[in-house]
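[1] coords please:
(2 chains)
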Amino acid sequence: MKMFDPTTRRTGPPTLRLAPRPASLAGLRLGLVDNRKVNARPILEKIAERLAARHGTRVAVWNTKRSPSHEIDEPAVGALMGDADLVISGVGD
Amino acid sequence: MDDVEHAADPAALIEAYHHAGWTDGLPVVPPSDASVAAMLAGAGLRGDEVVGEIPGRNAMVTAESLAINAVMAGCRPEYAPVVVAAVESLCHPDFAYHGPASSTGGSAMVLVVNGPIARALGINSGHNAFGQGHRANAAIGRAVRLVMMNALNTRPGFLDRATFGHPGKYSFCFAEREDAPWGPFHVSRGFAPEDSTVTLYASNTLCQVYNQLASTPEPILLCYADALYNLGSPNVYGFNQGLVVMGFEHADVMRAAGWTRRDVQTFLVEHCRRRVADLKRAGRLPGPLHPDDETTWRYGFDSPDDVLLVCAGGAGSWSAVLPGWGKKWTRAITTRIREGATR
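    Have a look, this model is predicted:
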């Protein structure tokens, strides 16, 4: 008797990989993703404010998702990859 | 497939599936080469075909994984086309899988089956339509949840972050009664009467509504409206969908009064509402109270089409309402079932 694996395993090389980790937060360009929950934007603004005060970061990209349930769209991914060094996504329930 | 050898004892194999983390907590039917092949034949698919993908999750469902999960859930091969259509609905971009599958709201994936296949498979639409005792209802709904857990990696505590979850997360599948006063639900969604369809709808709440005295539509529907839009509803910001499953005794009242599907939907749009003042007092809307909040309303629906009206259930003065998950963060998806045909 044998077991059947009910998961779907992708074959080939992984299609997702982590971005390189920055050595320091100093002067980094922030990307902020607002998921449209009620408190997401205030939380992101406060985090950005504190990071700027402590590490000299600046907000380079603001993205607002279609809804919390929808994925970020490809142009926004491109903007974050090109113009941001650090991305923070808000939850904000 | 893993060629893991196990003892010939079926109980040991069942335990091995539990140990692997591949079950919903109940014992599964261990698949075999023959049962998986039969399930694929029932679906009319090759094992390597992709049934659907979830954008942004790097996750997909192959026909083989669907077939394995369907066997594990206890499906007969002829159920496979329903499971395929339900999984296609899960993967539809407008369903927006991430929210209803992973939210703290812990939605059940409600499957409503319409058309000739419902009768052919014995999918219950009558007494105890949401309950136990009918294999097709139990196994089809369970197969969809196992696909979510195993193929789409939506496991409790990981990508399923439900605060409470919902008993319907084990399985939630029923058919519409064929004697609905205003024609089949799937026809109202643009399909032909001879089509078979499955509608996927995310809901974290099931509220049974009792009204045994009213003999006109309005009092009955006021009870529905109250249940659909209570103060604790996640959807107080409005513009949601809601599923109304009308029992046939209530449906007979609508029929006798000459009310159409549209009449019922429109009444519910107009009466699913709360005063802004009440929502603020309950902490569901921010900000201080203003005098005009007492006379300003928030509505649950912005269109009659947002009220999904289905008939089911047995004798008794009951109906059921199932408020949706989120705002327009997910939409019910109806998919035509292709019975045993190669795509």
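[2] quick one: the helices in chain A?
    A:40-55, A:74-83 (DSSP state H).
[3] Can you add mean pLDDT and give these back as CSV?
    Putting those into CSV (pLDDT from 0 to 100) gives the following:
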stretch, mean pLDDT
helix A:40-55, 95
helix A:74-83, 92
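[4] Make CSV out of those and add distance to B:E194 and mean neighbour count.
    Placement of C-beta: from N, CA and C, glycine included. Converted to CSV, the helices of chain A look like this (distance: least, Cβ to Cβ, whole Å; neighbours: other Cβ atoms under 10 Å in any protein chain shown):
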stretch, distance to B:E194, mean neighbour count
helix A:40-55, 46, 15
helix A:74-83, 39, 14
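[5] and chain B, which of those helices is closest to it?
    When those are compared for distance to chain B using Cβ to the nearest Cβ, the nearest one is helix A:74-83, at 9.4 Å.
[6] Does that closest one reach chain B?
    No - using Cβ under 8 Å from any Cβ of the partner chain, helix A:74-83 stays clear of chain B, with a minimum separation of 9.4 Å.
[7] Are there helices or strands packed against that helix, and which ones?
    Under the contact definition 3 or more Cβ pairs under 8 Å, 6 or more residues apart in numbering or on different chains; DSSP states H and E, helix A:74-83 sits against strand A:29-34, strand A:58-64.
[8] Could you single out the most deeply buried of these?
    Mean neighbour counts were compared across the helices and strands packed on helix A:74-83 using mean count of other Cβ atoms under 10 Å in any protein chain shown; the top stretch is strand A:29-34, at a mean of 21.
[9] which residues sit in contact with the nearest residue to B:L45 once chain neighbours are set aside?
    Nearest residue to B:L45, sequence neighbours excluded (Cβ to Cβ, 6 or more residues apart in numbering or on different chains): B:A63, at 3.8 Å. Contact analysis of B:A63 by Cβ atoms under 8 Å, 6 or more residues apart in numbering or on different chains lists B:40, B:43, B:45-51, B:84.
[10] cool, B:V28 as well?
    Counting by Cβ under 8 Å, 6+ apart, B:V28 has contacts B:14, B:17, B:22, B:72-74, B:146.
[11] Can I get the helices and strands packed on helix A:74-83 in CSV including mean pLDDT and distance to B:I333?
    Shown next, in CSV, are these (pLDDT from 0 to 100; distance: least, Cβ to Cβ, whole Å):
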stretch, mean pLDDT, distance to B:I333
strand A:29-34, 96, 26
strand A:58-64, 95, 25
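[12] With distance to B:V269 added, can I get those in JSON lines?
    Output for the helices and strands packed on helix A:74-83, formatted as JSON lines (distance: least, Cβ to Cβ, whole Å):
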{"stretch": "strand A:29-34", "distance to B:V269": "30"}
{"stretch": "strand A:58-64", "distance to B:V269": "28"}
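[13] Whichever residue of chain A sits closest to chain B: neighbour count?
    Relative to chain B, the nearest point of chain A is A:S69 (2.7 Å; Cβ to the nearest Cβ). When neighbours are counted by other Cβ atoms under 10 Å in any protein chain shown, A:S69 registers 24.
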